[in-house]
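S.K.: I'll drop the sequence and a predicted model, then ask my questions.
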Amino acid sequence: MSLMRNLWYRGLGGVFGRMALLAVGLCVLTSCDRYRSRQTEKKAIELIQAYEREIAPLDKGVAVAEYEAAQGGSPYMFGCLGDLREERALALSEPTRFKTVSRWYHDKTFSDAYLSRQIGHIYYNTLLYQADTATLRRMARLETYLYEQVVRYLAQPPRDTVPADTLSADTLSLVAAPLPVSALLRDSIVALARCRNAVVRGAGFRDYYDYQLARMDLVPDSLDVWFHTLDTMTRGAYAYLKGEIDAELAARYGIPVADLQPWHYQATFFQDVFNLYDIGQARSYENKNVANLAVGFYESIGLYVRDVFLRSDLRPRPGKVPYVRCYDMNRCGDVRVLCSLESDMESMCDAMWLGGVALYRKNVSGTLPYLLRDMDYTVLCEATGRLFWRLPFNETWLQGMGIMYMPLDTRRTRLESYMNLHAQQLVFCRWGLVMYHFERALYRNPEQDLDKLWQKLQMEYQSLSPAAEAESGSDGWATKWHIVLRPCYYHNYLLGSAVACQLNAYVCDSVLRTPDYWTPDYMATEEVGKFFKNKIFWYGDAYSWHEVLEQATGRPFSLEYYAKWLVGSEPYAEWRAEEEAVDRARREKYLNQ
């Protein structure tokens, strides 16, 4: 009996001993894993700090050189820009760092969200430059050459191609057909597309466009579905609107609809339409400083952009590029804008867009790391600009700003103001589809007939005659500066417009407490500024745009709100019914007299 008891105790003790040894072993292994994890995190932090010390000065140098060159830079300035781009490309091409970052990125090594996102940014920033030195130098020189040619092309005064017999007070502000650019410029765009594709395909991307979408937190298939939905949703409404625009412009110029040329559509590519219905907005801006108006509005909602405008270049002059762009020089508050503002509605919209984008960049939290303060590819940054850009179409805003006082017939003014905005949104949406599909196809196959593709897309999405464009002497797609200066970015304008509608809906529901999504009164409401500053701007690029959007509004991204702006008829039907009721009352009163 005692023998059995001894054996039992020994066996039990052996089991407990083995369990204790196993527990000790697990603790040791866990401690080792934690130690290795801490060491890996330490290496990652050191790598990020070294990256920032090396690349941040080059980022600032390139940004300053681009800004100075766009103001009418000399050949020396463009040469400096080329040297800086080349130096930056060579610095980003360091292979050992890329291999380490690539392994961490694909293995999802870090659980810390900020650390993991910074590693992702370094991965995408350096991936494009994993090529031999000759290829990198060629890419840098091509980019600089194209930048210089496009800047000098845009800085040229427009060619007066509008026939003299169509000139009137209404046509003086029209944009003339563009000057032709050389075939070498077109060939350089294609050559650069080939180089970019060759580099990113080595990393598993289908083409450079897919690479850009990945770094913007976008999925190609989802984007295709969204834009197909926009196409289907707007096709009928656009066809009806295009017929109205053609009839309105033909009557304005006194010519048949069949004789309308590209320059009659108020913008070179028919990408915008302003004041289709004249409610007096154009005359309301005479002798007004639109930059001061924008600053005053933003200050009324608690957002301060005056310092940005004071250190920026806002006025037109010979040799200066007339495009609208915002530059973040150092990601530490030195934000500047470049534009050529006049006293008109289009410039008012530009000033509002620039103010919104500049405020986003300026108000990113200073506690965020350098890599998470880069807003160049953020959909939310564009959405903020697009939201404030359209306020000059809002007659409530126009009254609050003292820009325009309402006439006696307020119903018609309100209706036509909404119709102007609706027309602009719809026209821009169809133009955005042209740009998106063209750039997708350009990088998918640079060797195809791009002129034929461009004409096909313009006909399909804008209903513009390719023959008319050919007669205008335009080089078509090669004259669109975004293809060179902001490649694979145009889809952000459409997504930004959609997100702007969603942000506007949230502000109306939760901040202003109004059901009126179309003419909300933002003036002097500091809660609006606090929402953007604390819920949108502060996060910078620490999270993906759709995560910040859902966290701020409590709603995932949806095209629902944009659809109401593009094809919804709620305000149109309501205001039209009011106008028709008033007309019926007037007729009855007249007949009963």
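M.R.: Arrived safely, thanks for sending. Numbers count the residues shown, from 1 in each chain.

S.K.: what's the burial count for Pro75?
M.R.: By other C-beta atoms under 10 Å, the residues close to Pro75 number 9. To be clear about C-beta, it is placed using only N, CA and C from the backbone, and glycine gets the same treatment.

S.K.: now it: how far from Val151?
M.R.: Shown here: Pro75 relative to Val151, a distance of 12 Å by C-beta to C-beta, to the nearest Å.

S.K.: and if you look at Ser188?
M.R.: Taking C-beta to C-beta as the measure, Ser188 falls 14 Å from Val151.

S.K.: ok, the two, which is more surrounded?
M.R.: A side-by-side neighbour count of Ser188 and Val151, using other C-beta under 10 Å, places Val151 first with 23 against 19.

S.K.: surely the more buried one forms part of a helix?
M.R.: Yes. Secondary structure of Val151 (DSSP: H, G, I helix; E, B strand; the rest coil): part of a helix.

S.K.: per-domain residue ranges of the chain.
M.R.: Using automatic domain parsing, the domains assigned to the chain come out as 40-201, 281-403+513-554.

S.K.: least confident of those domains, on average?
M.R.: Mean pLDDT across the domains of the chain is lowest at domain 40-201; the value there is a mean of 84.

S.K.: that one: end-to-end distance?
M.R.: 29 Å (C-alpha to C-alpha, to the nearest Å).

S.K.: what's the answer for stretch 273-286, then?
M.R.: Counting by C-alpha to C-alpha, the length from the leading to the trailing residue of stretch 273-286 is 20 Å.

S.K.: and stretch 309-322, by the same measure?
M.R.: In stretch 309-322, first residue to last residue: 16 Å (C-alpha to C-alpha).

S.K.: Provide the contact partners of that stretch at residue level.
M.R.: Where contact means C-beta atoms under 8 Å, 6 or more residues apart in numbering, the residues beyond stretch 309-322 that reach it are 70-72, 151, 154-155, 157, 291, 294-295, 334, 336-342, 355.

S.K.: can I get the buried part of those as one PyMOL selection?
M.R.: To isolate the buried ones among those in PyMOL, judged by 16 or more other C-beta atoms under 10 Å, type:
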select buried, resi 70+71+72+151+154+155+291+294+295+334+336+337+338+339+340+341+342+355
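
S.K.: spit out the residues that contact Pro75 and Val151 alike.
M.R.: With C-beta under 8 Å, 6+ apart applied, the contact sets of Pro75 and Val151 do not overlap.

S.K.: for the domains of the chain, which one sits closest to Asp231?
M.R.: With C-beta to C-beta as the criterion, Asp231 lies closest to domain 281-403+513-554 of the domains of the chain, at 19.4 Å.

S.K.: run the chain-centre distance for the closest one.
M.R.: The gap between where domain 281-403+513-554 is centred and where its chain is centred comes out at 13 Å by C-alpha atoms, centre = their mean, to the nearest Å.

S.K.: send me stretch 245-265 as PDB with only the CA atoms.
M.R.: C-alpha atoms of stretch 245-265 as PDB (Å, rounded to 0.1, in the frame of the first residue of the first chain):
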ATOM      1  CA  ILE A 245     -27.000  74.500 -71.700                       C
ATOM      2  CA  ASP A 246     -26.700  74.200 -75.400                       C
ATOM      3  CA  ALA A 247     -30.000  76.100 -75.900                       C
ATOM      4  CA  GLU A 248     -29.000  78.800 -73.400                       C
ATOM      5  CA  LEU A 249     -25.600  79.400 -74.900                       C
ATOM      6  CA  ALA A 250     -26.900  79.300 -78.500                       C
ATOM      7  CA  ALA A 251     -29.500  82.000 -77.500                       C
ATOM      8  CA  ARG A 252     -26.800  84.000 -75.600                       C
ATOM      9  CA  TYR A 253     -24.500  84.100 -78.600                       C
ATOM     10  CA  GLY A 254     -27.100  84.200 -81.300                       C
ATOM     11  CA  ILE A 255     -26.000  81.100 -83.200                       C
ATOM     12  CA  PRO A 256     -27.500  77.700 -83.900                       C
ATOM     13  CA  VAL A 257     -26.800  74.900 -81.400                       C
ATOM     14  CA  ALA A 258     -24.900  73.000 -84.100                       C
ATOM     15  CA  ASP A 259     -22.400  75.800 -84.400                       C
ATOM     16  CA  LEU A 260     -21.400  75.800 -80.700                       C
ATOM     17  CA  GLN A 261     -17.600  75.400 -80.300                       C
ATOM     18  CA  PRO A 262     -15.500  74.300 -77.300                       C
ATOM     19  CA  TRP A 263     -14.800  78.000 -76.300                       C
ATOM     20  CA  HIS A 264     -18.500  78.700 -75.900                       C
ATOM     21  CA  TYR A 265     -18.700  76.400 -72.900                       C
END
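
S.K.: in it, what's buried?
M.R.: By neighbour count on 16+ other C-beta under 10 Å, the buried set for stretch 245-265 is 245-246, 249-250, 253, 255, 260-265.

S.K.: between these, which is nearest Asp541?
M.R.: The closest of the buried residues of stretch 245-265 to Asp541 turns out to be Tyr265 (C-beta to C-beta; 36.6 Å).

S.K.: was I right about the closest one contacting Val273?
M.R.: Yes. At 7.3 Å, Tyr265 counts as touching Val273 under the criterion of C-beta atoms under 8 Å.

S.K.: what helix or strand is Tyr443 on?
M.R.: Remark: Tyr443 resides in helix 410-444, with elements defined by DSSP states H and E.

S.K.: check which residues of that helix are buried.
M.R.: Along helix 410-444, these residues count as buried under the neighbour rule (16+ other C-beta under 10 Å): 411-443.

S.K.: ok, which stretches of this protein are strands?
M.R.: Taking DSSP state E as the criterion, the chain carries its strands at 325-328, 335-338.

S.K.: so what secondary structure elements neighbour the last one?
M.R.: For strand 335-338, the helices and strands in contact under the criterion 3 or more C-beta pairs under 8 Å, 6 or more residues apart in numbering; DSSP states H and E are helix 2-70, helix 306-310, strand 325-328, helix 345-362.

S.K.: was I right about Tyr209 contacting Tyr490?
M.R.: No. Between Tyr209 and Tyr490 there is no contact under C-beta under 8 Å: 10.8 Å.

S.K.: of the two, which one has the most company?
M.R.: The neighbour count for Tyr209 versus Tyr490, taken as other C-beta under 10 Å, is higher for Tyr209 (25 against 20).

S.K.: tell me the contacts of the closest residue to that one other than its chain neighbours?
M.R.: Closest residue to Tyr209 apart from its sequence neighbours, by C-beta to C-beta, 6 or more residues apart in numbering: Tyr443 at 4.3 Å. Residues in contact with Tyr443 (C-beta under 8 Å, 6+ apart) are 193, 196-197, 207-209, 488.

S.K.: can I get those in JSON lines including distance to Tyr285?
M.R.: Output for these, formatted as JSON lines (distance: C-beta to C-beta, whole Å):
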{"residue": "Ala193", "distance to Tyr285": "40"}
{"residue": "Arg196", "distance to Tyr285": "42"}
{"residue": "Asn197", "distance to Tyr285": "45"}
{"residue": "Asp207", "distance to Tyr285": "43"}
{"residue": "Tyr208", "distance to Tyr285": "41"}
{"residue": "Tyr209", "distance to Tyr285": "39"}
{"residue": "Cys488", "distance to Tyr285": "35"}
